[in-house]
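Undergrad: Sequence first, then the predicted structure, then my questions.
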Amino acid sequence: MSLQVTGLPLVLASASPRRLELLARIGVVPQAIRPADLDETPLPAELPHKLAERLCALKAGAMASPEALVLAADTVVGVGRRILGKPADAAEARAFLTMLSGRRHRVHTGVALAVPGQKLRTRLVTSVVAFQRLTTAQIEAYLDGTEWQGKAGGYAIQGSAEAWVRFMSGSWSNIVGLPLFETAQLLRGVGWLRP
């Protein structure tokens, strides 16, 4: 089984440049990038961590192939039961940042690995982040840039928003969008990544 798996190409079911950069940090370069085009709308009363779990599994399943390993991930920011997705516009990003100001929130990333002929392997990683109390000027200056665009919760911790983080617990790479420890463990578990 191991020899067969190690010879298979790795497909990343995500168009996120951040996930590619994170994978490169552990020496993983996917042979192909094939983002899954799915409806990411939360189900009624779906909790943030459950959404991350469901979407990563759906993405991996949608792109699964008998000739490749497929790695998929989905990151969801949650404030209590509320899901903060990717803001549609600056007004929604402003609302998200105002909500995150001065309080803790959770960042959940589901990671899934589809291996031909085997059961889907998944992991869920949760990190806790607390922002300082943000001023209107700080929020508006941030929205003048582009870092908030396409980011769950309306911010990128690997950008200037990191200066707002007064507390963090858990995986930093998870907050960026791909928990490297768990991803490496999944790939090592099937013999694809060594040592």
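TA: On my side now, so go ahead.
Undergrad: remind me, longest helix of the protein?
TA: helix 48-63 (DSSP state H).
Undergrad: Next secondary structure element downstream of that helix?
TA: Reading on from helix 48-63 to the C-terminus, the next helix or strand found by DSSP states H and E is strand 69-79.
Undergrad: What is that next one packed up against?
TA: strand 10-12, helix 48-63, strand 82-84, helix 90-100, strand 104-114, helix 180-189 (3 or more Cβ pairs under 8 Å, 6 or more residues apart in numbering; DSSP states H and E). Any C-beta I mention is one placed from the backbone N, CA and C, and that applies to glycine too.
Undergrad: Hey, what's the angle from that strand to helix 90-100? Just curious.
TA: 70 degrees (axes from the mean of the first three to the mean of the last three Cα atoms, to 10 degrees).
Undergrad: Adjacent strands (with direction) for strand 69-79?
TA: Applying DSSP bridges, strand 69-79 is found paired with strand 10-12 (parallel), strand 82-84 (antiparallel), strand 104-114 (antiparallel).
Undergrad: pLDDT (mean, whole number) over the longest one?
TA: By that I understand strand 104-114. Per-residue pLDDT values across strand 104-114 average out to 98.
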